[in-house]
Structures are given as structure tokens and as C-alpha cells.
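Peer 1: Output the structure for:
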Amino acid sequence: MLEQLEALVGAGNVVRGADMARWSSDWTGAYAFTPLAVVRPGTTEEVSAVVKWANETGTPIVPVSGNTGLAGGTRAEGALMLSLDRMNKIREMRPEARVAIVEAGVILSNLHAAADAEEMIFPLTFGAKGSAMIGGCLSTNAGGSNVLRYGNTRDLVLGIEAVLPNGEIMNIMSELHKDNSGYNLKHLLIGAEGTLGIITAAVLKLHPKPGAYATAMVAPPSLDAALVLLNRLQQATGGAVEAFEYMPRKHIEVHKQINPAAREPFEAPQDINILVEVGATAPRDCQVGDDGQTPISAYLEDTLMAMFEEGMLLDAVVATSEAQRQEMWERREAAAEISMTHKPFLANDIAVPLDKVATFLTAMEARLSAIDPKAEAISVAHLGDGNVHYTVWLSSDDAAQRDQIMEAVEDEALALGGSFSAEHGIGVSKLPSMRRRKDPVALAAMQAVKGALDPKGIMNPGKLLP
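Peer 2: Predicted structure coming up:
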């Protein structure tokens with residue numbers, strides 16, 4: 001079997017035994033497994049050949065990119081793991097058309113650097129950008145910190161190339177913004193977590209690089225006051241707010257514990273800490289005036305001053321250098337590391353309407369205390385899009401209690417018109433939530449699609465669909 005794979009991709013590109021160690025667990029460490037082997041194709045044609053072989057032999061196949069997922073989507077016990085790390089070419093950068101054509105193994109930060117060299121940006125960003133790959137971002141429809149302005153991964157894709165479960169290559173690498181020729185198959189595969197095929201390349205949208213940023217930490221007295229600030233900033237800047245990130249007191253305290261060089265955001269500790277960033281692309285908003293300030297910074301400071309005078313802000317610190325801006329971002333991007341400082345933990349990734357985030361957190365405070373009085377919640381939120389990363393530090397690893405907390409989170413999120421999954425995907429960890437909460441007609445439709453495209457069930461089995 002392994003000799004057949006070596007004939008398809010080359011002897012040095014089939015990994016086995018102890019050499020599979022870095023592919024034998026997920027990033028969180030919650031799932032450990034032993035793949036049959038790890039195959040590393042270098043071209044779409046080689047991916048096609050491997051998938052055809054897997055289809056013919058009935059071998060389960062699990063695609064993996066940077067392996068930075070948080071829901072167990074790469075668990076591959078006894079399965080053939082297909083790594084896309086060798087398919088890491090940026091085929092084209094075309095700033096005049098505002099597109100990048102890339103392979104699935106391109107690391108997100110490398111794409112950022114390539115876009116920056118063209119005075120453009122690929123706006124998808126999150127803490128794992130130094131190892132996450134484009135294929136994984138597409139397969140989970142990743143979100144990140146800039147969804148508020150630019151949308152999820154799905155909104156940043158014009159076309160894809162994918163290998164279907166029978167090994168055929170589907171080339172829909174469209175560069176068009178309008179194409180009404182039937183089903184939008186790219187959206188079927190984006191967010192499918194590799195259960196319907198393997199995305200091997202994509203046409204991605206680029207955006208103009210902001211000529212100036214205005215970044216601040218702000219401390220409103222409540223999350224309701226924070227939304228007033230967000231709406232006023234959107235109006236003052238013409239919708240240029242890129243990030244609006246909430247960090248509670250606990251986040252700041254743990255960040256200081258794990259990073260001795262970290263400082264308090266404000267002179268006095270605050271319960272609500274929000275990172276806000278505004279990006280300007282219009283030259284009129286980017287030019288430094290005689291006072292040494294850009295108009296975009298003035299918009300931010302004027303709005304903050306008005307809110308402060310109204311008693312709707314307790315404190316604010318505006319970044320005056322790139323180093324200070326990066327310090328603010330480091331505090332937020334340490335969230336995953338912070339959440340994992342205590343074990344056992346339970347990670348939840350929910351979305352609710354923007355004005356219901358405070359309601360959710362208050363309701364869960366009471367529910368969590370009733371279920372596990374010794375548990376602690378540590379949360380962060382993309383407040384501008386209603387996505388709350390609600391992590392619970394459990395007092396024990398009791399499976400029944402863990403599931404009870406998951407159900408409570410689902411109860412409160414769905415009661416507010418929300419979702420139990422926002423941007424991390426379903427993988428393995430949220431299969432019980434899918435079973436309990438997903439509309440049964442929708443689940444049946446999803447199963448029908450899976451059955452039609454992958455009748456042998458070889459593509460990332462046991463994930464996404466309960």
C-alpha cells in the first residue's frame with residue numbers, strides 16, 4: 001500500500017512511523033492519533049492521483065494544512081493523512097485586478113507579506129497566521145479580527161480548484177465578481193472541512209493597503225456603551241473600523257502572568273478592555289497635518305473625547321507608534337495561548353446578535369455557576385461581529401458535566417438567535433451540538449450532498465456531520 005503511494009508522490013514524500021509525530025495530534029493536544037501514513041503531494045495532479053487511489057481502495061483520507069484547528073477536524077486515526085504543505089506557491093499577485101492566485105499550502109503570513117510588497121492586503125488575520133495555511137482557512141471558513149470590515153474567508157474568495165472524492169479535479173478558478181452560471185460550488189466546499197473534497201488552490205481578493213491606522217484601547221462602562229462607540233466610529237470614518245475586540249479583566253490578568261513584559265492597558269485596571277482599529281485608504285485621511293496627526297487619528301480621538309465627556313468612556317489610550325500598536329495587538333492575539341493555560345478546559349465559539357453579547361455572558365455566568373461552581377469562564381469576543389470565544393476552565397474532566405456546560409452554552413446562544421459555531425468549524429468536538437441543535441431537514445440535506453459526492457465516505461470521515 002505504501003509502495004503504491006510512493007509511486008504516486010515520490011518515496012521521500014510518504015511519511016511513516018516516528019516521523020509522523022508532528023501530524024499525530026491537533027494543535028490543542030485534545031486529540032492524539034496515529035495516521036496510516038502522511039502523504040505530501042506537490043501538485044494538484046498528485047493530489048488527484050492519491051485521492052483516486054484512496055477511492056479505489058476505500059481508504060479514509062484526512063486533509064491537513066497548518067493543523068492549527070481547534071475542533072479536532074484533523075483527527076486521523078488509521079486514516080491516510082494528506083498534507084498540503086508542499087503546495088505552497090503563490091502563483092500570481094495581480095494588484096491591478098486585486099487578486100492573488102495561491103496554492104492551499106501557502107502560509108497566511110507569507111501571503112500577507114507578498115500582498116504588502118504590492119501595497120495591498122489580504123485582510124484575513126488571526127493569532128495563528130504564522131502557521132495556518134490557506135487550505136485550512138477555506139475549509140473552516142475562518143473569521144479572525146477583520147471580519148467587521150472585510151467579511152469571513154468565504155467573502156474573500158472568487159474561485160477555487162479542488163479534488164473531489166473520486167479524484168477528479170474541479171477547476172472553478174474564476175476571477176469574476178459576477179458569475180450566475182448555476183450552483184455556487186465554491187461555497188459548497190468552503191467551510192465543508194474537507195468532507196466534500198480537497199481545496200488545492202484559490203483565487204483570493206486583495207484590498208488596498210491602508211495608508212494610516214488609528215488604534216486604541218478603550219474602557220467603556222458597559223458593552224452597550226461599547227456598541228454606541230462602534231456605531232459612532234463607523235459613521236465618523238465612513239465604515240473604516242477594521243477591528244473591535246473585547247477582552248475582559250481576566251484576560252488581561254492571565255496575559256500578564258504568561259508574559260512578564262506585558263503591561264496594563266490603562267493606568268487603573270478596567271473590567272472591559274476593547275481594542276479598536278480604524279484603517280484609512282483615502283489620501284485625504286492619511287496625510288500627516290501640521291500638528292503631526294492624520295485625519296483618521298483625529299476622527300478616532302474626537303469620537304473618544306465626546307464619549308468620555310458623556311460619561312460613556314472611563315479611559316482610553318491611543319497608540320502613538322507602531323510599537324505601541326503592536327503591543328495592543330499582541331495582547332489580543334495571545335487569546336488562544338491564554339485559554340490553554342488551564343486544563344481541563346472547554347472551548348466554545350458562538351455567535352449572537354451584536355447587542356446580545358452582554359446578555360449571553362450574563363446568562364452564562366449564572367448557568368455555569370449552577371453546573372460547576374468551581375469553574376471559571378475566560379472569554380474574548382470579536383465584538384463588532386458578535387462572535388464570542390467562551391472558554392471554560394473546568395474543575396474536573398467529567399464528561400457528563402462537560403456536555404452539560406456545552407448544552408447550556410447552546411441554550412443561551414440559540415435563545416438569542418445565535419449559533420453554536422461561529423468560525424472554528426465543527427470537526428469532532430461540536431458533533432453533539434450538531435446532533436442536538438441543527439435543523440433536521442438541513443442535516444438531511446447535508447447528508448444527501450455528502451452521499452452524492454462521497455458515496456464511499458472516505459473524505460475526512462467522522463467530522464462535521466453527526
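Peer 1: confidence score at Trp393?
Peer 2: What the model reports for Trp393 is a pLDDT of 97.
Peer 1: Go ahead and confirm it touches Asp372.
Peer 2: No: in this structure, Trp393 is not within contact of Asp372 by Cβ atoms under 8 Å, at 9.6 Å. No exception for glycine: its C-beta is placed from N, CA and C like everyone else's.
Peer 1: Rounded mean pLDDT for the helix or strand containing Ala243, please.
Peer 2: In this structure, Ala243 sits in strand 241-248 according to DSSP states H and E. For strand 241-248, the mean pLDDT works out to 97.
Peer 1: Same question for stretch 47-58.
Peer 2: 98.
Peer 1: Convert that stretch to PDB, retaining C-alpha atoms only.
Peer 2: What follows is stretch 47-58 as a C-alpha-only set of coordinates in PDB (Å, rounded to 0.1, in the frame of the first residue of the first chain):
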ATOM      1  CA  VAL A  47      -3.400  15.100  -5.000                       C
ATOM      2  CA  SER A  48      -5.800  13.700  -7.700                       C
ATOM      3  CA  ALA A  49      -3.800  10.500  -8.000                       C
ATOM      4  CA  VAL A  50      -3.700   9.900  -4.300                       C
ATOM      5  CA  VAL A  51      -7.500  10.500  -3.900                       C
ATOM      6  CA  LYS A  52      -8.200   8.200  -6.800                       C
ATOM      7  CA  TRP A  53      -6.200   5.600  -5.100                       C
ATOM      8  CA  ALA A  54      -8.000   6.200  -1.800                       C
ATOM      9  CA  ASN A  55     -11.300   6.000  -3.500                       C
ATOM     10  CA  GLU A  56     -10.500   2.700  -5.300                       C
ATOM     11  CA  THR A  57      -9.100   1.100  -2.100                       C
ATOM     12  CA  GLY A  58     -11.700   2.500   0.300                       C
END
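Peer 1: residues in contact with that stretch?
Peer 2: The contact list for stretch 47-58, computed with Cβ atoms under 8 Å, 6 or more residues apart in numbering, reads 1, 4-5, 8-9, 39, 41, 59-61, 80, 82, 84, 87, 163-169, 198, 200, 456, 458.
Peer 1: Which of those residues fall within strands?
Peer 2: 39, 61, 80, 82, 163, 169, 198, 200 (DSSP state E).
Peer 1: count of residues packed around the residue nearest to the last one when sequence neighbours are not counted?
Peer 2: The one in question is Thr200. Closest residue to Thr200 in three dimensions, ignoring its sequence neighbours and counting by Cβ to Cβ, 6 or more residues apart in numbering: Thr44, at 4.5 Å. The number of residues packed near Thr44 is 19, by other Cβ atoms under 10 Å.
Peer 1: Distance-wise, check Thr44 relative to Met307.
Peer 2: Computed with Cβ to Cβ, to the nearest Å, the distance linking Thr44 and Met307 is 52 Å.
Peer 1: Also Gly78?
Peer 2: Here Gly78 is placed at a distance of 57 Å from Met307 (Cβ to Cβ).
Peer 1: coming back round to it: now a PyMOL select for only the buried ones of the ones in strands among the contacts of stretch 47-58.
Peer 2: Only the buried members of the ones in strands among the contacts of stretch 47-58 end up in this PyMOL selection, burial being decided by 16 or more other Cβ atoms under 10 Å:
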select buried, resi 39+61+80+82+163+198+200
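Peer 1: Quick check: the farthest pair among the ones in strands among the contacts of stretch 47-58?
Peer 2: In terms of Cβ to Cβ, the ones in strands among the contacts of stretch 47-58 reach their longest pairwise distance at Leu80 and Ile169, which sit 18.7 Å apart.
Peer 1: For the stretch 301-450 of the chain, just list every one of the helices.
Peer 2: Chain-ordered helices for the stretch 301-450 of the chain, with DSSP state H, counting those that start in this stretch as the definition, fall at 322-333, 335-339, 357-371, 399-415, 431-437, 440-453.
Peer 1: Looking at the ones you listed, which one is packed in the most?
Peer 2: When those are scored by mean count of other Cβ atoms under 10 Å, the highest mean neighbour count falls to helix 335-339 (a mean of 20).
Peer 1: Who are the packing partners of that helix?
Peer 2: helix 249-258, strand 376-382, strand 387-393 (3 or more Cβ pairs under 8 Å, 6 or more residues apart in numbering; DSSP states H and E).
Peer 1: what's it in contact with?
Peer 2: Contacts of helix 335-339 from elsewhere in the structure, counted by Cβ under 8 Å, 6+ apart, are 70, 127-128, 247, 251, 254-255, 258, 345, 347, 378, 380, 389, 391.
Peer 1: can you rerun that using 7 Å?
Peer 2: Under the criterion Cβ atoms under 7 Å, 6 or more residues apart in numbering, residues 127, 251, 254-255, 258, 345, 347, 378, 380, 389, 391 lie in contact with helix 335-339.
Peer 1: can you check stretch 173-190 too?
Peer 2: Residues outside stretch 173-190 that contact it (Cβ under 7 Å, 6+ apart) are 97, 99, 138, 141, 153-154, 157-162, 172, 196-197, 199, 201, 203.
Peer 1: what's the answer for stretch 354-362, then?
Peer 2: For stretch 354-362, contacts defined as Cβ under 7 Å, 6+ apart pick out 222-224, 227, 352, 379, 381, 383, 386, 388, 412-413, 416.
Peer 1: Same question for stretch 272-282.
Peer 2: With contacts defined as Cβ under 7 Å, 6+ apart, stretch 272-282 is touched by 208, 210-220, 223, 226, 233, 237, 240-248, 252, 265, 286, 296, 300, 328, 332, 383.
Peer 1: Just the buried residues of those residues.
Peer 2: Buried members of those, scored by 16+ other Cβ under 10 Å, are 210-220, 223, 226, 233, 237, 240-248, 252, 265, 286, 296, 300, 328, 332, 383.
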